[in-house]
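S.K.: no sequence on hand, only this structure:
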DNA sequence: ATCTCAACTGAAAACGTTTACAGTATTCAA
DNA sequence: TTGAATACTGTAAACGTTTTCAGTTGAGAT
């Protein structure tokens, strides 16, 4: 591989001129240099440049699982925006594990200028680890402590959960079940609590046995719905008439169980979940959802990061931003008024 | 950020000793060095190391679109395997465009040791571009020319298409429609031709108007099915009784149209497609598919690449490998015998 | 013809590593 | 106690850039 010296020699100039020409400065022999570069197929060495500049033009993106369509879309959004500024993204999946996450970051951190992360854990050790990185960080979707000290991109979980509750109430539901994700995460907790609060405000209390809390996983969704069925809370006169599920993966699992048990939606049960998903509209009962703008979240995260990278190290940092993106209730056909009984 | 000199000074040794200790060699002052490293929080600089070694421990992964669940799973497979060997992956989406792809690669190539790619175009210019990279390359899912000169990971498209045709024939279908992807790609071409050939072998000919060829996109699938409906080829006595679709995204689009038109599956039309997809089993008629092992493809690709990286530059390269992974017919409920009429 | 100023140029240092080489300390045998 | 062999150590060069600093060139004004 040709290096800058080869180019300089062939063009009959010093390496400084080549470097300057590449940087866009005025150089007398620009034409000769350009020709030499073409002839030799020269491309500046990224490591050398990174070493000299202390920059890498890369962003680490850590998500729990890249094969989850929501995170894939998020990554795509970050990628789109970062690319336009000449940044590349290095993607890694944490598997929702703090240990994997911190190891990943340890390996990656020297090769990137900034980190976009959907943290596995929202505890203080995550905050400390990220702070120790000493690089720009943007937190997506989740939190770490009260005052993380990083830029934030969230969706409006509270409004979404409230809208869900009010929609169900407006249809006349009074006995409602809920399947929620981990309460040590912002989306899990906010969606859960706001939904319950909105019901409480209307004087409705959910019986404890109709509340399921666990992992944000398809498998937990499946098991939780299965339990509800076995508890005879679904499809019975005294059972629940509506079910709210905290995210799309759990919802898919729940749907699997409900389907297997032959529960008719919305006939026997109204179904509503957070996060849209592919094909939601094709199901026997197209699912009504609170949908969120995953790609836009990625854009927002990248924008925040890019801005911070630009000013990093300088005395006057731009103020921390907390971007909250709107969600919307997408009404399809999985909810109906409860059969009067 | 502390560098190796700081560590050496604090431990009272030369930088060479620190470097050696880090490399796992025997060093008398290992303990002191370890302590100094901890105290200072020293981490070797990746750029400097990359510059010196000419290695980066990264793999570029180029897919058409990371937000497509199939590619996301593929990436995950590559990631899983690469990670175990201490390699990171740099992901980028080409949007199915050669220009984007080559630009991406131009930017990335100096920062990676190898490339895993699902090429946007299978033409010779792609082959040339990849060959010019002068780094290990593995082609996934698609081809570039007859003799690409790279390692290959494919799924057994031919067997899958054949199995699909034979299954439909065995159910008694004789008038069959097909929606296929771009014929300038291996998956598009092989699936299309083998399916047709298998029918031809049974003496069955598909009428030209029941053959739709286009992009591997949801939108094309939607339009193609819509055309079929408007041509009155579906749901009419003389129409087709079964439809084979070349991949999952087109299938989802087609399902959208069919659903909107109120076509009952498998009552009026048997439906079968290549590639499994999330929720396929939850649809009103759970879709029968030819499923492929996306994660395993990723593993295979990473293994090939890792092996080649290891031997790169040395005189005796391992021979080029072409790994073909099996697919399987997953029978659900979208296919039935045609109503006799 | 001379001077000033602007515009450009090149040599060299620096970024943080790894490693060849030459050197020094340690061990062991005699 | 010496010598040879072994084990470790440090110096310095190299990787390919960017950038400072001190020139050099050329244009324009006088």
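M.R.: Yes, it's here. Predicted model, so just to flag it, every value in this text is computed and none were measured.
S.K.: residues in contact with stretch A:139-155: which ones?
M.R.: If you take Cβ atoms under 8 Å, 6 or more residues apart in numbering or on different chains as the criterion, stretch A:139-155 is touched by A:74, A:116-119, A:121-124, A:126-127, A:130-131, A:136-138, A:185-187, A:292-293, A:297, A:300-301, A:304-305, A:308, A:320-327. To be clear about C-beta, it is placed using only N, CA and C from the backbone, and glycine gets the same treatment.
S.K.: what residues sit buried inside it?
M.R.: Judged by neighbour count (16 or more other Cβ atoms under 10 Å in any protein chain shown), stretch A:139-155 contains these buried residues: A:139-144, A:148, A:150-155.
S.K.: and which of the residues you listed is nearest DNA strand D?
M.R.: In terms of Cβ to the nearest atom of the strand, no member of these lies closer to DNA strand D than residue A:151, at 26.2 Å.
S.K.: give me the phi and psi angles of that closest one.
M.R.: In terms of degrees, to the nearest 10, the main-chain angles of residue A:151 are phi -70, psi 150.
S.K.: before we move on, back to that, return the subset of the buried residues of stretch A:139-155 lying in strands.
M.R.: Among those, the ones falling in strands (DSSP state E) are A:139, A:140, A:151, A:152, A:153, A:154, A:155.
S.K.: would you list the buried entries among the contacts of stretch A:139-155?
M.R.: Buried subset of these (neighbour count, 16+ other Cβ under 10 Å): A:74, A:116-119, A:121-122, A:126-127, A:130, A:136-138, A:185-187, A:292-293, A:297, A:300-301, A:304-305, A:308, A:323, A:327.
S.K.: give me the subset of the residues you listed lying in helices.
M.R.: Within these, residues falling in helices by DSSP state H are A:74, A:126, A:127, A:130, A:186, A:187, A:297, A:300, A:301, A:304, A:305, A:308.
S.K.: tell me the contacts of the last one?
M.R.: Contacts were defined as Cβ under 8 Å, 6+ apart; by that measure residue A:308 touches A:114, A:136, A:138, A:151, A:317, A:318.
S.K.: same thing but 10 Å
M.R.: A:113, A:114, A:135, A:136, A:137, A:138, A:150, A:151, A:317, A:318, A:320, A:321 (Cβ atoms under 10 Å, 6 or more residues apart in numbering or on different chains).
S.K.: which strand residues bridge the second one?
M.R.: Same thing as residue A:114. Counting by DSSP bridges, residue A:114 is bridged to residue A:59.
S.K.: what's the burial count for residue A:52?
M.R.: Neighbourhood size, residue A:52 [other Cβ atoms under 10 Å in any protein chain shown]: 12.
S.K.: where does it land in three-state SS?
M.R.: Classification of residue A:52 using DSSP: H, G, I helix; E, B strand; the rest coil returns helix.
S.K.: could you check the pLDDT of it?
M.R.: Note on residue A:52: pLDDT of 93.
S.K.: pretty sure it sits against residue B:47.
M.R.: Yes. If you go by Cβ atoms under 10 Å, residue A:52 and residue B:47 touch, sitting 8.5 Å apart.
S.K.: residues contacting the residue of chain A found nearest DNA strand C?
M.R.: Evaluated by Cβ to the nearest atom of the strand, chain A has residue A:28 as its residue closest to DNA strand C, separated by 2.7 Å. Residues in contact with residue A:28 (Cβ under 10 Å, 6+ apart) are A:13, A:17, A:21.
S.K.: report the entries of those residues that also contact chain B.
M.R.: Under the cut-off given by Cβ under 10 Å from any Cβ of the partner chain, chain B has nothing from those close to it.
S.K.: name the nearest of the residues you listed relative to chain B.
M.R.: residue A:21 (18.1 Å; Cβ to the nearest Cβ).
S.K.: which of the ones in strands among the buried residues of stretch A:139-155 sit farthest apart?
M.R.: The most widely separated members of these are A:151 and A:155, with 15.1 Å between them, by Cβ to Cβ.
S.K.: ok, which stretches of chain A are helices?
M.R.: Listed in chain order, the helices of chain A (DSSP H) span A:4-11, A:15-22, A:30-40, A:46-53, A:69-84, A:98-108, A:124-133, A:157-171, A:186-201, A:218-230, A:248-260, A:294-311.
S.K.: among the ones you listed, which comes closest to residue B:335?
M.R.: Closest among the helices of chain A, using Cβ to Cβ: helix A:248-260, at 19.1 Å.
S.K.: give me the buried positions along the closest one.
M.R.: Quick answer for helix A:248-260 (16+ other Cβ under 10 Å): A:248, A:249, A:250, A:251, A:252, A:253, A:254, A:255, A:256, A:257, A:258, A:259.
S.K.: what sits against the second one?
M.R.: Remark: with contacts taken as Cβ under 10 Å, 6+ apart, residue A:249 is in contact with A:65, A:68-70, A:181, A:215-221, A:273, A:275, A:277, B:278.
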